[in-house]
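Q: sequence and predicted structure below; questions after.
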Amino acid sequence: MIKIILLSDFEEQYGKDLLRGITRYSKDHGPWTFCRMPNNYREKLGLKGMLKWAKEWEADGVIGRFEDDEEAQVFTKAGIPVVAQDYKERLHTVPNITSSYFETGRLGADYLLKKGFTNFAFYGFNNIVWSRERAQGFEERIRSAGYDVHYYEHKDSRTEEDLWYYKPSELSEWLQSLPKPIGVMTCDDNQGHHITEAARHAGIRIPDEVAVLGVDNDEMVCELSDPPLSSIALDTEKGGYEAARLMDRMIRNKDCGNQADIIVQATQVVTRLSTDFFASKDAYIVTALKFIHQNLDKNLKVDQILKEVPLSRRSLEKRFAQTTGYPVYEYIYKQRIEQFTKKLLETELSIFEIALDLGLSDSKNIARQFKQIKGLTPMEYRKKFLITKQAS
């Protein structure tokens, strides 16, 4: 039986989803046995003490956080393979469980741009790779659209023991200083919660003045936030599954060298109340947008939207494109594809059943449109982002 030490913080949703993927691989290809080693063991035993314990337990591999390559090499030099969960920086001598952080930042930027914002900000940590690269991807996309990004860097520890953000703070002052309305992306959901709390204490209305978007889709944190926090979902569970598959191969091949990283992909934006806002001075277009999003499960036509606003078809099309960058029909079908994508990843419904659920009568046509936008057929997309059982 393969024995794996899990050296990580599995209290947050990201870690829990990784663990879920790892244990699913164990059920499919094991059984494996696990030792969850809390972070305080690192302080209590030191790395050499942990290695001694690993040898006595006859551990076959380690999956978890390491500060640097030197820490990981304590185990690999002893013949124990390591898959590292990147934290402050990616390691170079062992494979990392990492992510397409730049793409996640760009996804967040696109989402806020489509809501009509012209003011943008990012809140995160400059000294942590996943925060820094999400900020870079976000800024790159925002600047390509002709806008600037305001920054606030939280340089303190990420621990939640200090509850400073529940009181007036520098963060509150920063939020008050920003131009409004503004779309703010945060490096993760915990920092998104910081923003919603700081804004509440500063009397700033969310989402009317500040729309907030997090990352990880940690449902507990997102729903605890007031208002509930919109977030970018990741295929973290699949990342854990693939990390376990890689570890299995390394153990069987007795290979402690560097391998290709496991990339956790961003899948979609899960919209909640913190971004339920369209930043446009054109009240008619805001009305049209709200009507569209409230009726995405219906087969909407432009004529139906014209009944909601006192505009000619030509005027609606022109003003709508100025606000969103898309003609009305194209905007509707892109939003419906996003709804389709959400159900594709979150349910086991067939393509035909999802189409019916969204009020679409032609599943073949929606599949064609899906591929035009996503670059994959619905089945290919589902296979890419959901765990598939393969021989190791």
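A: That came through, no problem.

Q: can you pull the contacts of Tyr87?
A: Arg65, Phe66, Glu67, Ile128, Val129 (CB atoms under 8 Å, 6 or more residues apart in numbering). In short, each C-beta sits where N, CA and C put it, glycine included.

Q: what segments of the stretch 201-350 of the chain are strands?
A: With strands called from DSSP state E, counting those that start in this stretch, the stretch 201-350 of the chain shows them at 210-215, 230-234, 262-264, 266-270.

Q: can you work out which other helices and strands pack against the second one?
A: In this case it means strand 230-234. With contacts defined as 3 or more CB pairs under 8 Å, 6 or more residues apart in numbering; DSSP states H and E, the packing partners of strand 230-234 are helix 101-114, strand 210-215, strand 266-270.

Q: buried residues in the longest one, which are they?
A: Of all the residues in helix 101-114, those buried under the rule 16 or more other CB atoms under 10 Å are 101-109, 111-114.

Q: isn't Leu306 up against Arg314?
A: No. The pair Leu306 and Arg314 does not pass the contact test of CB atoms under 8 Å, sitting 10.7 Å apart.

Q: ok, the two, which is more surrounded?
A: Leu306 (16 against 8; other CB atoms under 10 Å).

Q: just the pLDDT at the more buried one, thanks.
A: Leu306 is assigned 94 on the pLDDT scale.

Q: what's the distance between it and Ile128?
A: Using CB to CB, to the nearest Å, we find Leu306 at a distance of 49 Å from Ile128.

Q: with Gly61 instead?
A: Remark: distance between Gly61 and Ile128 (CB to CB) = 25 Å.

Q: compare the two (neighbour count), which wins?
A: Under the criterion of other CB under 10 Å, the comparison of Gly61 against Ile128 puts Gly61 first, with 22 against 17.

Q: which ones are touching the more buried one?
A: Under the criterion of CB under 8 Å, 6+ apart, the neighbours of Gly61 are Ile2, Lys3, Ile4, Ile5, Ile80, Pro81, Val82, Val83, Met247, Met250, Ile251.

Q: what of Ile204?
A: Neighbour list for Ile204: Leu175, Gln176, Val210 [criterion: CB under 8 Å, 6+ apart].

Q: and the residue of the chain positioned farthest from its centre, what are its phi and psi?
A: Among residues of the chain, the one most distant from the C-alpha centroid is Ser312; the distance is 39.5 Å, by CA atoms, centre = their mean. Geometry field for Ser312 lists phi and psi as phi -70, psi 160, criterion degrees, to the nearest 10.

Q: pLDDT score for it?
A: Ser312 carries a pLDDT score of 94 in this model.

Q: now Gly64
A: With respect to pLDDT, Gly64 has a value of 91.

Q: just to revisit the earlier point, for the helices and strands packed on strand 230-234, give me a markdown table that also has mean pLDDT and distance to Glu89.
A: Shown next, in a markdown table, are the helices and strands packed on strand 230-234 (pLDDT from 0 to 100; distance: least, CB to CB, whole Å):
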| stretch | mean pLDDT | distance to Glu89 |
| --- | --- | --- |
| helix 101-114 | 95 | 12 |
| strand 210-215 | 97 | 18 |
| strand 266-270 | 92 | 20 |
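
Q: out of the ones you listed, flag the one nearest Asp28.
A: Asp28 lies closest, by CB to CB, to one member of these: strand 266-270, at 21.6 Å.

Q: quick check, distance from the closest one to the centre of its chain.
A: Offset of strand 266-270 from its chain centre (CA atoms, centre = their mean, to the nearest Å): 6 Å.

Q: listing partners with orientation, what would you give for that strand?
A: According to DSSP bridges, strand 266-270 forms sheet pairs with strand 230-234 (antiparallel).

Q: could you single out the most deeply buried of the strands of the stretch 201-350 of the chain?
A: The highest average neighbour count among the strands of the stretch 201-350 of the chain, using mean count of other CB atoms under 10 Å, belongs to strand 210-215 at a mean of 29.

Q: that strand packs against which elements?
A: For strand 210-215, the packing partners by 3+ CB pairs under 8 Å, 6+ apart are helix 101-114, strand 182-186, helix 189-201, strand 230-234.

Q: one more time with 10 Å
A: Using 3 or more CB pairs under 10 Å, 6 or more residues apart in numbering; DSSP states H and E as the contact test, the elements touching strand 210-215 are helix 101-114, strand 120-124, helix 129-144, helix 170-177, strand 182-186, helix 189-201, strand 230-234, strand 266-270.

Q: angle of it against strand 120-124?
A: Strand 210-215 runs at 50 degrees relative to strand 120-124, counting by axes from the mean of the first three to the mean of the last three CA atoms, to 10 degrees.

Q: dump the residue contacts of Asp60.
A: Each residue near Asp60 by CB atoms under 10 Å, 6 or more residues apart in numbering is listed here: 1-5, 32-33, 54, 79-81, 247-248, 250-252.

Q: mind doing that once more with 8 Å?
A: Ile2, Lys3, Ile4, Ile80, Pro81, Ile251.

Q: just Asp276 next, same as before
A: Under the criterion of CB under 8 Å, 6+ apart, the contact list for Asp276 reads Pro207, Pro227, Ser230.

Q: state the number of residues packed around the first one.
A: Yep, that's Pro207 we're talking about. 24.

Q: can you offset everything so residue one is 39?
A: With the count now opening at 39, the last piece we talked about shows up as Pro245.

Q: distance check, it against Gly252.
A: 13 Å.

Q: tell me the pLDDT of Ser401.
A: Ser401 carries a pLDDT value of 67.
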